[in-house]
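Undergrad: Provide a 3D model corresponding to the input given below.
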Amino acid sequence: MTAAKTVGQNAEVSANQARPNINVTPLIDVLLVMLIIFMVVSPLKPARFLAKVPSGPDPDDRVIANINTLVVTIKPDRTLMLNSLTDMGSVNDTSKLSASLVDLFQKRLQNHAYRDDARDRNDLPDSIRIEKTVFIKAPRSLPYADVVRVLDGIKGAGANPVGLQIDDLN
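TA: Take a look at the predicted model:
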């Protein structure tokens, strides 16, 4: 019975004592102060997308085509043409076009036909400095998947960048 009395006495003592509780208000204040400090200290990185937007055409200037400009034209019958060269394959088989581009890029490398923005950059290797820009010109009625097949063939040949033209083709 003495054991039962001690258990009862312990229950009375615990009921009379204050229970411990944690005051979280100072912790929240410290957390907010630290949040403000980290927000001020952390560098702000501007998120932006850099794009080269061409200026509008000047009616007084005459347009002179660059001799290094490469335009792959997809005809409505899905055949390919590179500048004035016809019979470059079709949308489903771009191997002839890719081989012609690889050969052309190799000749440009041998002749040192550099891009205008990399002409004086001697710190870059010649393979990066040569002009490899290609434009794709396709009719609007052509499915996008066909244009992507041609784009993949051109990228596989090493062209960079590749632009899309939406001029006067129906």
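
Undergrad: immediately after the lowest-mean-pLDDT helix or strand in the chain, which helix or strand?
TA: For the chain, counting by mean pLDDT, DSSP states H and E, helix 2-16 ranks last in confidence among helices and strands (a mean of 57). Past helix 2-16, heading to the C-terminal end, the next element that is a helix or strand (DSSP states H and E) is helix 25-41.

Undergrad: State the mean pLDDT of that following helix.
TA: Taken as a whole, helix 25-41 has an average pLDDT of 89.

Undergrad: Likewise for stretch 107-123?
TA: Stretch 107-123 shows a mean pLDDT of 81.

Undergrad: what about residue 83, neighbour count?
TA: Around residue 83 sit 13 other residues, with neighbours defined as other CB atoms under 10 Å. Where you see a C-beta, it was placed from the backbone N, CA and C, and this is true even at glycine.

Undergrad: quick one: it and residue 71, what's the gap?
TA: As judged by CB to CB, to the nearest Å, residue 83 and residue 71 stand 6 Å apart.

Undergrad: got it, and residue 143?
TA: Remark: distance between residue 143 and residue 71 (CB to CB) = 20 Å.

Undergrad: So those two - more neighbours on which side?
TA: residue 71 (16 against 11).

Undergrad: So which elements touch the helix or strand in which the more buried one is found?
TA: Per DSSP H and E, residue 71 falls inside strand 70-74. Using 3 or more CB pairs under 8 Å, 6 or more residues apart in numbering; DSSP states H and E as the contact criterion, the secondary-structure elements in contact with strand 70-74 are strand 80-82, helix 95-111, strand 134-137, helix 144-156.

Undergrad: Tell me which of those lies nearest to residue 27.
TA: Closest approach to residue 27 among these (CB to CB): helix 144-156, 55.6 Å.

Undergrad: buried stuff in the following helix or strand past the closest one?
TA: Note on helix 144-156: by DSSP H and E, the next helix or strand toward the C-terminus is strand 162-165. Of all the residues in strand 162-165, those buried under the rule 16 or more other CB atoms under 10 Å are residue 162.
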